[in-house]
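Participant: Below are the sequence and a predicted model; questions follow.
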Amino acid sequence: MPRLHGFTKKRLLHIYELMVQSRRLDEKMLTLLKQGKSYFHMGCSGHEASQLAAAEVFQAGKDWAYPYYRDSAFCLGLGMTGREQLLSSLSRVEDPNSSGRQMPGHFSHRNYRIVTQSSSTGTQYLQAVGTAMAVALSRENEIVYVSSGEGATSEGDFHEALNWSSRERLPVIFHIQDNKYAISVHISEQTAGSVYELSAGYNHLARFQVDGTDFFESHLAFQKAVDRARKGKGPSVIVSDVVRLLSHSSSDDQRKYRSEEELETDRERDPILKLREACFAAKIVKSEDFDKINERMTHQVGQDALWAESRPHPLPETATDHMYSDAPLPVSGEKKVIAEKIVMVDAINHALHEEMSRNDKMIIYGQDVAGDKGGVFTATRRLTEEFGQTRVFNSQLAESSIVGTAIGMACAGWKPVVEIQFGDYIWYAMMQIRNELAAIRYRSTSDWSCPAVIRVPVGGYIHGGLYHSQSIDGYFFHLPGIRIAYPSNAEDAKGLLKMACRVDDPVMFMEHKGLYRYASAATTEPDEDYLVPFGQARLVTEGEDLTIITYGMMVYKSLEAAKTLTSSTGARVEIVDLRTLNPLDLDTISKSIQKTNRVLVAYEDNLTNGPGAEISALIADHCFEYLDSPVRRVAAKDSHIGFSPYLENAILPQSVEIVTVAEELLEY
Ligand SMILES: Cc1ncc(C[n+]2csc(CCOP(=O)(O)OP(=O)(O)O)c2C)c(N)n1
């Protein structure tokens, strides 16, 4: 049987058909848009050959894919149908990519292991690396595809991902589709040299530079890259020189920044024409065969579009569904005390130890967490010794890498419990947390979920200055999709962390550094079956005259204040320790206010827009009729935190301020 570069006629026609289908889909989607039936489009035209070359060597449903928004031909190659892509284009509820929740082209398909993609250029690389870490741990012979344009390689995450995957020889193929433009920005304004050149220097990383409009040349590179990935030799980066035949998106007009000559030169490199020519030259396919396919695809895409238009839209009442898991919360056993006294950091260590024993898929990593050191606060001490380097290891010094890879691991069914060394440095990971971790369940209508745990030391009162004292809860309290636990003592820390390790949602687990070894936060140690349910506040003290809603270190500042108030005024103060900020126990807050009729919210984050601001608003909404005085807040000043104790004391909230405000409320 005649073959061209090893491909039979039948296979070549199949590839040609997918290329044409992808091209017709672009055309049809732009028509639908002009007809006012859809809202946005990003085209694949000009990128088809390199994408289908990639799809040829990946095993759909076994291997993993993190495609770019231009990867429609790649997704067709894996098995996604034109109808499914049209449902996405028209934002219909049956769209398997996102049920109309994301812009078109943000691919996701559980059956083909296409992991849900966002619009953030560059977040996908580290997630792909995380999935490759999961693959390596599972010892499966799977590989991971991740794709982007050349513009997105300017994001730091690209370089972090090359570093991590190369260091660990992970089976990732980075496909960089270089069409020379990031919207209107030419690569000469983007990249110091070429992406191929700037990815040099990583040990174990293979690099390929190909004409991405040539299917056969691209296929050869992918074949080589995949072979070495499957043999455990490490990642590859394939830079495909492609053409962007359409404007960046339907909102762009490339004639504003590209000359007609340049556009014509690109059109001459059309990958569909190239494949046709190669097949003619080899006399393997006749022109009628291609013409028949063209006709069939025009007809099929037209019919598929009509079908997709007939399908239902998402219902408005479902707009906020899939924010959190529906799975019931794990249930605690009866509490048994196993030790008389334990400090909070040791309780955290024991919780991790117990959960690692219980769950073989739990993995711990972060900066300095491994070995005898066990983290700068010793929370992970002795865990590497007990569970080995493959399950408890040091990460590179890169917060986005820690969270990005954790997302990829969690999407592949593992349970990463990672540490960010100081809350003050979590900002490098903010994109991964805000746009990815928090949104993955929502945007994939629960096809994908990301139940990773981020442990993060926070808070001041430890002479830490601007960059070791920050409270970060205000930022994350604002964010739907992530649970927040914030224990104030050892027993709660153990029970809440064990719960965090078992729930099906992402959790930010905030650990106040000042409480790690704080004598008052030491408690008896509950046994391994003890869990603290999320959304259940604890009454620290009971009283009738005033409620203080608080959490973390402020529980102790409130206790001091309550003592002073009782001795000076005789008032009895009820202190409510929230234990989790999301979910928030509004019920306990409300019951306490019904009893005391006066409330103060004390929190360590700065005043403006801190969690207490929202809690005060909720109290105004839900408890107004029970109040005999205004809702007041005591919080940090709206300031950075100075290092000198004279500055720090003036900025962070103190018990004396709670006393002053409480007295005003009691006298109101
Ligand atoms: C983090 C981030 N910054 C900016 C954007 C807006 N944006 C969307 S696509 C794009 C250009 C991407 O260019 P490139 O990676 O080369 O891919 P191409 O569109 O050329 O295929 C930009 C700037 C974004 N989506 N995400």
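Facilitator: Thanks, I have the structure now.
Participant: Residue 563 falls within a helix, correct?
Facilitator: Yes. Under DSSP: H, G, I helix; E, B strand; the rest coil, residue 563 sits within a helix.
Participant: Is there proximity between the lengthiest helix in the chain and the ligand?
Facilitator: In the chain, assigned by DSSP state H, the helix with the most residues is helix 9-34. No. Judged by Cβ under 6 Å from any ligand atom, helix 9-34 makes no contact with the ligand; its nearest approach is 13.3 Å. (Each C-beta comes from the backbone N, C-alpha and C, glycine too.)
Participant: Now do that helix: which elements does it pack against?
Facilitator: helix 48-57, helix 72-78, helix 82-89, helix 271-281, helix 287-309 (3 or more Cβ pairs under 8 Å, 6 or more residues apart in numbering; DSSP states H and E).
Participant: Turn these into a markdown table, columns for distance to the ligand and mean pLDDT.
Facilitator: Converted to a markdown table, the helices and strands packed on helix 9-34 look like this (distance: least, Cβ to the nearest ligand atom, whole Å; pLDDT from 0 to 100):
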| stretch | distance to the ligand | mean pLDDT |
| --- | --- | --- |
| helix 48-57 | 11 | 98 |
| helix 72-78 | 12 | 98 |
| helix 82-89 | 17 | 98 |
| helix 271-281 | 15 | 96 |
| helix 287-309 | 22 | 97 |
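Participant: Serialize those to JSON lines and add fields for distance to residue 622 and mean neighbour count.
Facilitator: Shown next, in JSON lines, are those (distance: least, Cβ to Cβ, whole Å; neighbours: other Cβ atoms under 10 Å):
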{"stretch": "helix 48-57", "distance to residue 622": "53", "mean neighbour count": "28"}
{"stretch": "helix 72-78", "distance to residue 622": "47", "mean neighbour count": "28"}
{"stretch": "helix 82-89", "distance to residue 622": "40", "mean neighbour count": "25"}
{"stretch": "helix 271-281", "distance to residue 622": "60", "mean neighbour count": "18"}
{"stretch": "helix 287-309", "distance to residue 622": "44", "mean neighbour count": "15"}
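Participant: closest one to residue 170 among these?
Facilitator: Relative to residue 170, the nearest member of the helices and strands packed on helix 9-34 by Cβ to Cβ is helix 48-57, separated by 17.2 Å.
Participant: hmm, back to that, right, and the helices and strands packed on helix 9-34 - which one's nearest residue 212?
Facilitator: Each of the helices and strands packed on helix 9-34 has some distance to residue 212 by Cβ to Cβ; the shortest is helix 48-57, at 3.5 Å.
Participant: what's the distance between the closest one and the middle of its chain?
Facilitator: 27 Å (Cα atoms, centre = their mean, to the nearest Å).
Participant: so it versus helix 271-281, what angle?
Facilitator: Computed with axes from the mean of the first three to the mean of the last three Cα atoms, to 10 degrees, the direction of helix 48-57 lies at 70 degrees from that of helix 271-281.
Participant: Using CSV, write out every CA atom in helix 48-57.
Facilitator: Extracted in CSV, the C-alpha atoms of helix 48-57 (Å, rounded to 0.1, in the frame of the first residue of the first chain):
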residue,chain,number,x,y,z
GLU,A,48,-4.2,23.1,11.9
ALA,A,49,-1.2,21.1,10.7
SER,A,50,0.9,21.3,13.9
GLN,A,51,-2.1,20.7,16.1
LEU,A,52,-3.2,17.6,14.2
ALA,A,53,0.4,16.4,14.1
ALA,A,54,0.3,16.6,17.9
ALA,A,55,-3.1,14.9,18.2
GLU,A,56,-1.8,12.0,16.0
VAL,A,57,0.7,11.0,18.7
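Participant: okay, now the closest residue to the ligand within the stretch 501-650 of the chain: neighbour count?
Facilitator: Nearest residue of the stretch 501-650 of the chain to the ligand (Cβ to the nearest ligand atom) works out as residue 506 at 20.4 Å. Using other Cβ atoms under 10 Å, residue 506 is surrounded by 29 other residues.
Participant: Residue 450 is in contact with that one, correct?
Facilitator: Yes. Here residue 506 reaches residue 450: they are 5.3 Å apart, a contact under Cβ atoms under 8 Å.
Participant: Show me the common contact partners of these two, please.
Facilitator: 410, 437 (Cβ atoms under 8 Å, 6 or more residues apart in numbering).
Participant: which residue packs closest to residue 520, ignoring adjacent ones?
Facilitator: Distance criterion Cβ to Cβ, 6 or more residues apart in numbering; nearest residue to residue 520, sequence neighbours excluded, is residue 556 at 5.6 Å.
Participant: neighbours around the residue of the stretch 251-400 of the chain found nearest the ligand, how many?
Facilitator: The ligand sits closest to residue 252 of the stretch 251-400 of the chain, with a gap of 9.5 Å, by Cβ to the nearest ligand atom. Neighbours of residue 252 under the rule other Cβ under 10 Å: 15.
Participant: Same check on the one 5 residues further on?
Facilitator: The criterion is other Cβ under 10 Å. On that basis, residue 257 has 15 neighbouring residues.
Participant: contacting residues for it?
Facilitator: So residue 257 contacts residue 184 (Cβ under 8 Å, 6+ apart).
Participant: Please report how far it lies from residue 264.
Facilitator: Per Cβ to Cβ, to the nearest Å, residue 257 is found 16 Å from residue 264.
Participant: swap in residue 528?
Facilitator: 70 Å.
Participant: With neighbour numbers in mind, choose between the two.
Facilitator: residue 528 (18 against 9).
Participant: from what I can see that one touches residue 354, true?
Facilitator: Yes. At 4.5 Å, residue 528 and residue 354 qualify as touching, with contact defined as Cβ under 8 Å.
Participant: Pull up the overlap in contacts between these two.
Facilitator: Joint contacts of residue 528 and residue 354 (Cβ under 8 Å, 6+ apart) are residue 498.
Participant: residues in this structure within reach of the ligand, list them.
Facilitator: So the chain meets the ligand at 70, 119-122, 148-152, 177, 179, 181-183, 248 (Cβ under 6 Å from any ligand atom).
Participant: From the residues you listed, list just the buried residues.
Facilitator: Listed as buried from the residues of the chain next to the ligand are 70, 120-122, 148-152, 177, 179, 181-182, 248; burial here means 16 or more other Cβ atoms under 10 Å.
Participant: quick check: mean pLDDT across the longest helix of the chain?
Facilitator: Across helix 9-34, the average pLDDT comes to 98.
Participant: and that helix with helix 48-57, angle?
Facilitator: 130 degrees.
Participant: Helix 9-34 relative to helix 287-309, how many degrees between them?
Facilitator: 40 degrees.
Participant: quick one, phi psi at the residue of the chain found nearest the ligand?
Facilitator: Proximity of the chain to the ligand (Cβ to the nearest ligand atom) peaks at residue 149, 2.0 Å away. Listed backbone geometry of residue 149 is phi -90, psi 180, with angles given as degrees, to the nearest 10.
Participant: Look up the pLDDT of it for me, please.
Facilitator: pLDDT, residue 149: 98.
Participant: Now do the same contact list for it.
Facilitator: Residue 149 neighbours (Cβ under 8 Å, 6+ apart): 68, 70, 121, 176, 177, 178, 179, 182.
Participant: give me the number of residues near the residue nearest to residue 520?
Facilitator: Neighbour tally, residue 556, other Cβ under 10 Å: 22.
Participant: do the same with residue 283
Facilitator: By other Cβ under 10 Å, 9 other residues sit near residue 283.
Participant: Also residue 71?
Facilitator: Using other Cβ under 10 Å, residue 71 has 31 neighbouring residues.
Participant: Relative to residue 532, how far out is it?
Facilitator: Relative to residue 532, and taking Cβ to Cβ, residue 71 is found at 43 Å.
Participant: got it, and residue 121?
Facilitator: 39 Å.
Participant: Does anything pack onto the helix or strand harbouring residue 356? Which helices or strands?
Facilitator: Using DSSP states H and E, residue 356 sits within helix 344-358. Judged by 3+ Cβ pairs under 8 Å, 6+ apart, the packing partners of helix 344-358 are strand 362-366, helix 383-387, helix 490-502, strand 507-512, strand 523-526.
Participant: Could you list the alpha-carbon positions for that helix in CSV?
Facilitator: Listed next in CSV are the C-alpha coordinates belonging to helix 344-358 (Å, rounded to 0.1, in the frame of the first residue of the first chain):
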residue,chain,number,x,y,z
MET,A,344,-0.5,24.2,67.6
VAL,A,345,2.4,23.6,65.2
ASP,A,346,2.8,20.0,66.6
ALA,A,347,-0.9,19.4,66.3
ILE,A,348,-0.6,20.5,62.6
ASN,A,349,2.3,18.1,62.2
HIS,A,350,0.3,15.2,63.7
ALA,A,351,-2.7,16.0,61.5
LEU,A,352,-0.5,15.8,58.4
HIS,A,353,1.1,12.6,59.6
GLU,A,354,-2.2,10.9,60.3
GLU,A,355,-3.8,12.0,57.0
MET,A,356,-0.7,10.9,55.0
SER,A,357,-1.0,7.4,56.6
ARG,A,358,-4.7,7.4,55.7
